[in-house]
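1. Task: produce atomic coordinates for the following.
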Amino acid sequence: MSNLFLRTLRDDPADAEVPSHKLLVRAGYIRRAAPGGFSWLPLGWIVLRNVEQIVREEMNAAGFQEVHIPALLPREPYEKTGRWTDYGDNLFRLQDRHGADFLLAPTHEELFTLLVKDLVSSYKDLPLSIYQIQTKFRDEARPRAGLLRGREFVMKDSYSFDMDDDAFMESYRAHRDAYIATFDRLGLPIVIVSAMSGAMGGSASEEFLAPADVGEDTYVRCTNCDYAANVEAVRVPVPDAMPFDDDRPARVVDTPDTPTIQTLVDHLNAHPEYAHPDGRAWIAADTMKNVIVKLRHPDGSLEPLAVGVPGDREVDVKRLGAQVEPAEVEPFDEADFAKNDALVKGYIGPGVLGSSNASGIRFLVDPRLVDGTRWVTGADRPGHHVIDLTAGRDFTPDGVIEAAEVRGGDVCPNCGGDLELARGIEMGHNFQLGRN
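-> I've put the predicted structure just below:
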């Protein structure tokens with residue numbers, strides 16, 4: 001101990017937000033080198049290498065072979081797949097002394113594929129699963145929580161190459177089983193949830209989450225069946241379309257000083273002439289909220305987007321972001337409103353939304369807004385709303401999008417039971433990338 005390169009701390013470091021970050025620094029396992037980058041001290045390095053060895057042993061036991069690919073990679077393969085642009089600001093780009101473009105790899109799909117293309121010449125060489133334990137780099141806008149969200153981190157990534165769909169699914173299951181065995185050896189409780197593929201692409205994916213209050217992933221699990229999914233991948237059960245052949249036309253009503261859902265509901269309930277057709281009080285779920293955002297595409301271009309959701313829900317920016325990747329979601333600010341005279345802030349309705357309407361803004365709605373459903377929403381005039389505006393009769397959106405917040409008590413899309421919310425840390429992610 002007298003020779004150990006170690007310095008423990010009595011107090012929590014000022015920049016540490018979560019217990020793991022505080023304890024790793026105070027115990028002398030890591031030290032901050034730069035935002036999102038850490039030096040490993042002897043005790044931490046021993047632990048990291050032990051974890052790597054467990055991962056390596058389970059990968060080898062599954063029949064996978066280890067390789068090692070550089071972290072500094074040329075632009076061309078990523079240009080070909082579009083990810084040189086699609087990764088946007090998250091990609092570390094640089095040039096060598098000759099002006100050639102390179103990147104610090106955030107992930108290695110392109111190089112693994114090129115390696116196999118170069119060496120595999122016959123179907124007899126398949127199936128093949130190869131992996132590496134390698135440093136990855138992502139230019140996080142807000143690195144936080146110590147090792148949980150850094151700009152430089154160690155990842156085990158593995159890739160299978162198969163002859164047909166059946167072999168492909170067998171390789172996927174082999175990876176899944178190897179992950180479960182790895183986490184069992186590490187003593188980590190894991191919840192396996194359906195997830196979005198994101199920038200990886202592919203047909204489906206699963207995340208392996210360690211339940212933790214400080215986790216950045218929110219997921220749902222059903223209280224009645226084994227359904228579990230990251231909130232970004234939750235699919236809202238779509239109700240049946242409803243007939244709209246009665247004689248209740250949409251009508252514009254005077255609703256002064258009601259720019260929020262709550263003020264709108266209070267106003268309607270305070271005026272008998274606006275009584276709900278069913279004789280009950282109006283509630284937020286009877287209203288439709290139209291939220292305008294901007295999408296920043298990888299090429300730098302900006303596109304406004306309108307999202308319609310039931311008024312008792314907020315737009316979940318993280319869910320929305322997962323649906324529109326590789327674009328990034330940005331706020332639609334006062335300057336943007338000033339440029340579009342068709343938009344009346346606080347009273348925006350479908351009358352001006354949609355690619356073919358006055359604003360020209362693409363209009364996507366929550367799956368619950370099926371044909372025949374009736375809504376109270378903005379009339380595109382200050383101090384006015386529309387009652388009984390009917391989807392499919394009075395307005396037609398450009399499409400649907402899963403962007404509304406998911407809440408505890410929502411209906412399970414698998415069995416109809418209740419969903420509950422929890423948080424977790426992403427420990428692993430399997431992707432079904434499909435055919436190339």
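
2. Now for the nearest residue to Tyr29 once chain neighbours are set aside: which residues touch it?
-> Excluding its sequence neighbours, the residue lying closest to Tyr29 (CB to CB, 6 or more residues apart in numbering) is Gly44, at 3.2 Å. (Glycine included, C-beta is placed from N, CA and C.) For Gly44, the contacting residues are 24, 28-30, taking CB atoms under 8 Å, 6 or more residues apart in numbering as the criterion.

3. Met288 is in contact with Pro310, isn't it?
-> Yes: the pair Met288 and Pro310 qualifies as a contact (CB atoms under 8 Å) at a distance of 6.6 Å.

4. ok, now how distant is the residue nearest to Arg235 when sequence neighbours are not counted from Asn230?
-> On the basis of CB to CB, 6+ apart, the spatially nearest residue to Arg235 that is not a chain neighbour turns out to be Pro413, at 5.0 Å. Taking CB to CB, to the nearest Å as the measure, Pro413 falls 13 Å from Asn230.

5. Give me the more crowded residue out of these two.
-> Just comparing Pro413 and Asn230: by other CB atoms under 10 Å the higher neighbour count belongs to Asn230, 25 against 16.

6. Mind pulling up the pLDDT for that one?
-> As predicted, Asn230 sits at a pLDDT of 92.

7. next one: Ser205
-> As predicted, Ser205 sits at a pLDDT of 88.

8. I'd guess it is in a strand, am I close?
-> Yes: read with DSSP: H, G, I helix; E, B strand; the rest coil, Ser205 is one of the residues of a strand.

9. That one pairs with what?
-> Partner residues in beta bridges with Ser205: Ala195, Phe431, with DSSP bridges as the criterion.

10. so how many other residues sit close to it?
-> Summarising burial for Ser205: neighbours were counted as other CB under 10 Å, giving 20.

11. so what's the residue nearest to the spatial centre of the chain closest to, chain neighbours aside?
-> Closest residue to the average C-alpha location of the chain: Ala322 at 3.8 Å, with CA atoms, centre = their mean. Spatial nearest neighbour of Ala322, excluding adjacent residues (CB to CB, 6+ apart): Glu232 at 3.9 Å.

12. quick one, phi psi at the one you found?
-> The phi and psi torsions at Glu232 (degrees, to the nearest 10) take the values phi -70, psi -20.

13. OK, contacts around Met242?
-> Met242 sits next to 370-373 when contact means CB under 8 Å, 6+ apart.

14. Can you list which of these are found in helices?
-> Residues from the contacts of Met242 lying in helices, with DSSP state H as the criterion: none.

15. got any ranges where the stretch 201-350 of the chain has weak pLDDT?
-> In the prediction, the stretch 201-350 of the chain carries residues with pLDDT under 70 at positions 201-203.

16. Specify the local secondary structure of Lys117.
-> Under three-state DSSP, the three-state class of Lys117 is helix.

17. Run a quick neighbour tally on it.
-> The burial count assigned to Lys117 is 11, neighbours taken as other CB under 10 Å.

18. Check Gly99 too.
-> For Gly99, using other CB under 10 Å, the count is 6.

19. again, but for Arg235
-> 11.

20. What residues of the longest helix along the chain count as buried?
-> Criterion DSSP H: the longest helix present in the chain is helix 165-186. Counting neighbours by 16 or more other CB atoms under 10 Å, one finds that the buried residues in helix 165-186 are 168, 171-172, 174-175, 178-179, 181-183.
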